[in-house]
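[1] could you work out the structure for the sequence below:
(chains A, B and C)
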Amino acid sequence: MKRILLLSLALFGTAQAASTITIATVNNPDMVTMQKLTPEFNKKYPDINVKWVTLPENELRQKITLDVASGAGTFDLATVGSYEVPIWAKNGWLDPLTPMFAKDPALAKAYDLNDVLPTVRSALSNGGQLYAVPFYAESSMTYYNKDLFKAANVTMPAAPTWQQIQTLASKIHNPSKGVYGICLRGLPGWGENMGLFSTMVNTFGGRWYDMKWQPQINTPAWKQAVTFYVDTLKKYGPPGATSNGFTENLTLMSQGKCGIWVDATVGAGFLSDPANSKVVGKVGFAKAPVGPGTPRGSNWFWSWNLAIPKSSKQADSAFKFLTWATSKDYIALVAKTKGTWASVPPGTRNSTYNNPQYKAAAGAFSSLVLSSIKSADVTKATKDPVPYTGIQYISIPQFQALGTQVGQYLAGALSGQSTIDATLKQMQDAAQKTAKDGGYQK
Amino acid sequence: MTIANPSGTTALPPKSKSGFKLSPAALIWPAMLYLILTTQVPFFMTIYYSFFQYNLLDPTSRPFIGLGNYATLLTDPQNLKIVLNTIVLALASLVLTLIIGGGLAMLLNREFPGRSLLRTLLISSFLVMPVVTAVIWKNMLMNPVFGFFSWVITKLGGQPVDWLAQYPMASVVAMITWEWTPFAMLILLTGLQSLPDDQLEAARLDGASPLQEFQHIVLPHWTQAIQVVVLMETIALLQVYGEIYGSTSGGPGIATTNLPYFIYQKAFAEYNIGLASAAGVITVVLTNILAVYMLRIITRNQPSKGE
Amino acid sequence: MTAAPTHHNAVGSRHRVRNAFLTVITYVIALMFLFPLVWMVMAAFKTESQAFASPPVFFFQPVLENFQKALPTYGPALLHSLIAAFGSTLLAFILGLPAAFALAVYPTRRAQGVLSWMLSTKFMPAVGVIVPLFLIFKNLHLLDTLPGLILMYTTMNLPLVVWMMHSYMTEIPYAIYEAAKVDGASVGQEFFGIALPLAMPGVSATALLCLIFAWNEVFFALNLTSSNAAPLSVYIGQFKTSEGLFWAQMSAAATLTVLPVLIFGWVAQRQLVRGLSFGAVK
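    Below you'll find the model as predicted:
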């Protein structure tokens, strides 16, 4: 009945007819909260109907990409990762936001774009135009189980090196008791094991390509990084590491099975939620480990952003939602609804981190998150210069394929199906083919 | 599909069919036309795309490269492994469902308390969505730390096993066997139920061992049921995708990547539509060769018609 | 196991022991097959940390919060699933039954070829044609509509309907048609008066199979619908988040998704048994 009513409304379009926008988003908890707060948005904009499409990350990415690339126009507002924004902007798939802010000075003033962290803004811009605004941003850091550390009589430095991490993991590892020294991502995928592993390559001094787009995987830095990663996980990791992505490791950590976990900063929120976690209050935080090469690019940068596809027919209404859901007011609203400032979407605005209530609630890790994101510079992530941007990814359309493939090879090395030298050769060949097919090598 | 029709009547072809208002061919065309439109049109577009370097994320350059995508696919020795994986996966699951399903069918073909309830409950796993199957098995059963299987093994004094990494193909086969065994069981059971009791009685009186009984009476009677299972399952098992997507993601390495999953990866993880299309065309050619071959074997048992 | 007719009692009791043993084995195997589902339903009533506790939790205070989270968006998805499954099954039968009838009763030289070709369309991997399909759907404005979904599910099930119904209809002795023809029956009368009623068990069984396949289809649903027509197989995706702990919640959603088809399958199981056998193996 309701559908028929809506349909006839759409067909006969009464004078004060509401516009309807369709928003595609990932079903991560922060976005689920946004979806639940839709009635609050309608208090401010009663004439805009909002329809939601919520899916897991991979399904959503494939769906939006197909839709946007073909100009199908299903979505008026899309949740887009920081890797895609510059690429999509270059393809002309997204509406630039800079002119839209310019058109509405009052809104721009209230929104206060300068409050958004500069590293985040630069990651979402292309050719001087802003193409998306961050919903939340994350970096990576080191988590450790304080109880296990106490029992083993060891302490975690505030800024550990990978070597120290390995030594600490060896002291905690006790598989017969179901305790594992270290949990790291092993599940293949450009956004899974490669997210972590690329930061390791950076900080061990490696890079994907040199300035002439010649692959640099057959270098000592990569070999050292792969060897270290495989050794550490094999010796001190949980069984089944190749099946473990973010979620699986979070589960292990929250059940008190891991001594150390290096992963996304958003994990902190889950680990402090007593409904899911057995280690509330027992988790310590430190910076992401650095390797022997350079401190650059040792922690990643990722943000989920809202952007308006070119094919949207409701760009104005979509812009209203976009500015509402990433505003200071929205952040305060989440704090009010959830009853704690600790649950607000992190990593986007200076004002959040200057807020005393946030500092009090988010406590130990908030400053660490802020400094990690501020130091995560997508334009300077490697020891030697590179012709691309990005920390745990490189901002070319072909990377998703390359990253996934290399991730598979890495998992092959971890599960012992191939040797490290054979793995490096496979990776090098794949990188060479990508650069050649993509027409990068001049 | 009429083999050994007890009544002795078989469908015979009509010799003349004049004077009908509604022509029989007109009855076939709607279905034909529908299938041609919905399957052949997209398929020809797929063939067309397969000649281009077509990356969904790179709309600026889509050059025609002729057979380039096919050359890429056919020269990479790794891809042979993917074809092999597809065959191993389908064949192993097929054989297992036949064996387990056949065993269950024989067990259920006896009178015992709760028989019809068990038969009803046993079909459940066939009704579960593949994605759900994958999630349950991967996380709740086969996870080496939290999984139920590991717990059982540790209780028995063993070491937890990382199923999906150490035995990836076997794990996927186990999942698929779980899903499809009820199907095989049901068909084989109906096959058994049409077996006249007196035949078995007679064999028993002749002093036949259960093995002989199985070999000389049950198995010949099952021929047709087995063909049905083989045909239907082959179609389904060559298309397995959801179970792999939800559990191993084709890994580790490419240990569990079959053709449909490979195409999925090319199309949606890499957005390489040209290559995915070429792989799709190759898959269609390979499976159709297989289909023709299988259908020929199956139809061989049918009375010839219209000749 | 040699039968010795002189020791009737011994054989009888040995037989009974063997029978009991086989019954126990049957129950054990059945339990093993059911266990994954039971485990899933149990997890649906646990809290998240119980769902992943190690060692596993067998006894617990059941909670309903997972279902509370899963229910709000369940209704529309259930409705879409029902419409898509029943709509496509109906359409497949409207198109497939006449074809099956014609191929069975008026077979020509090409009949076998037509049948084989139809079945061979099922060998095409959906993922291989999804991009062209998406573009066609976009141009015909079929994206995210129930008619669009019904269209694809019909394509998926039509070969099955033709193939299975063809098997049933060839079973009907030709003499019956012959008699009707003598009475001057038209093709239409043969179809509605003879073939259809006699093949009815096959219809219900085939329909059941079509419904199950349409219900469980994921790939087309995921790529061709988003909200207005999204069925349960897409709904379940909402609960598979990549950030956070979701096993219990996922189990609750999965239970809700599987439940209708389970109940339906159990109830209609008799038809399934009869129909899965293609009528021929009865």
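
[2] burial count for A:Asn244?
    By the criterion of other CB atoms under 10 Å in any protein chain shown, A:Asn244 has 27 neighbours. C-beta: built from backbone N, CA, C; applies to glycine.

[3] check it and give its pLDDT.
    On the pLDDT scale, A:Asn244 is placed at 87.

[4] how about it, nearest residue that isn't a chain neighbour?
    Leaving aside its sequence neighbours, A:Asn244 sits nearest to A:Gly186 (CB to CB, 6 or more residues apart in numbering or on different chains; 5.2 Å).

[5] mind checking pLDDT for the one you found?
    Confidence score, pLDDT, at A:Gly186: 91.

[6] residue contacts, A:Lys44?
    A:Trp324 (CB atoms under 8 Å, 6 or more residues apart in numbering or on different chains).

[7] and if we set it to 10 Å?
    A:320-321, A:324, A:329 (CB atoms under 10 Å, 6 or more residues apart in numbering or on different chains).

[8] now the residue nearest to A:Asn244: phi and psi?
    With angles defined as degrees, to the nearest 10, A:Gly186 sits at phi -130, psi -10.

[9] and A:Trp302, by the same measure?
    Torsion angles, degrees, to the nearest 10, at A:Trp302: phi -140, psi 140.

[10] bridging residues for it?
    A:Trp302 has these beta-bridge partners by DSSP bridges: A:Glu138.

[11] how many neighbours does it have?
    24.

[12] so it makes contact with A:Val266?
    Yes - in this structure, A:Trp302 is within contact of A:Val266 by CB atoms under 10 Å, at 9.1 Å.

[13] now the common contact residues for those two.
    What both A:Trp302 and A:Val266 touch, as defined by CB under 10 Å, 6+ apart, is the set A:136-140, A:347.

[14] okay, A:Val133: pLDDT?
    96.

[15] what is it paired to in the beta sheet?
    With DSSP bridges as the rule, A:Val133 is bridged to A:Leu306.

[16] enumerate the residues of the stretch 1-150 of chain A near chain C.
    A:2-3, A:6-7, A:22-24, A:26-32, A:35-36, A:51-60, A:62-64, A:66-67, A:69-75, A:138 (CB under 10 Å from any CB of the partner chain).

[17] filter those to the buried ones?
    A:22-24, A:26-32, A:35, A:51-60, A:62-64, A:66-67, A:69-70, A:72-75, A:138 (16 or more other CB atoms under 10 Å in any protein chain shown).

[18] in chain C, what residue comes closest to chain B?
    Among the residues of chain C, C:Gly128 lies nearest to chain B; the distance is 2.5 Å by CB to the nearest CB.

[19] could you find the closest non-adjacent residue to that residue?
    B:Gly280 (2.5 Å).

[20] mind listing what residue 214 touches?
    Let's take chain A. Contacts of A:Gln214 (CB under 10 Å, 6+ apart): A:431-432, A:435, A:440-441.

[21] that was the other one, I meant chain C.
    C:81, C:84-89, C:92, C:149-150, C:152-154, C:156-157, C:220-221, C:231, C:233.

[22] with A:Asp231 instead?
    A:166, A:237, A:420.

[23] the domain parsing of chain B - what is it?
    B:33-75, B:79-274 (automatic domain parsing).

[24] ok, the shortest one near chain C or not?
    Yes - part of domain B:33-75 sits close enough to chain C to count as contact by CB under 10 Å from any CB, namely B:33-50, B:54, B:56.

[25] show me which of those are buried.
    Members of the residues of domain B:33-75 next to chain C classed as buried by 16+ other CB under 10 Å are B:34-35, B:38-39, B:42-43, B:45-46, B:49-50, B:54, B:56.

[26] now render those residues as a markdown table, adding secondary structure, pLDDT and distance to A:Ala18.
    Below are those laid out as a markdown table (DSSP: H, G, I helix; E, B strand; the rest coil; pLDDT from 0 to 100; distance: CB to CB, whole Å):
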| residue | secondary structure | pLDDT | distance to A:Ala18 |
| --- | --- | --- | --- |
| B:Tyr34 | helix | 94 | 39 |
| B:Leu35 | helix | 94 | 42 |
| B:Thr38 | helix | 92 | 36 |
| B:Thr39 | helix | 91 | 40 |
| B:Pro42 | helix | 92 | 36 |
| B:Phe43 | helix | 92 | 42 |
| B:Met45 | helix | 93 | 38 |
| B:Thr46 | helix | 93 | 40 |
| B:Tyr49 | helix | 92 | 40 |
| B:Ser50 | coil | 93 | 45 |
| B:Tyr54 | coil | 87 | 39 |
| B:Leu56 | coil | 85 | 33 |
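
[27] so which of these are also by chain A?
    Among those, chain A is touched by B:Leu56 when using CB under 10 Å from any CB.

[28] does A:Leu196 touch A:Thr232 like I think?
    No - between A:Leu196 and A:Thr232 there is no contact under CB under 10 Å: 11.5 Å.

[29] sorry, back to before: element containing the residue nearest to C:Gly128?
    helix B:273-300 (DSSP states H and E).

[30] try C:Pro159
    Using DSSP H and E, C:Pro159 sits in helix C:146-171.

[31] can I get the buried ones among the residues of domain B:33-75 next to chain C in TSV including distance to B:His221?
    Output for these, formatted as TSV (distance: CB to CB, whole Å):
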residue	distance to B:His221
B:Tyr34	37
B:Leu35	34
B:Thr38	39
B:Thr39	36
B:Pro42	42
B:Phe43	40
B:Met45	46
B:Thr46	43
B:Tyr49	48
B:Ser50	46
B:Tyr54	52
B:Leu56	53
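
[32] check contacts around B:Val161.
    A:239-240, B:142, B:144, B:147, B:149-150, B:153-154, B:167, B:171.

[33] that's a strand at it, yeah?
    No - according to DSSP: H, G, I helix; E, B strand; the rest coil, B:Val161 belongs to no strand; its state is coil.
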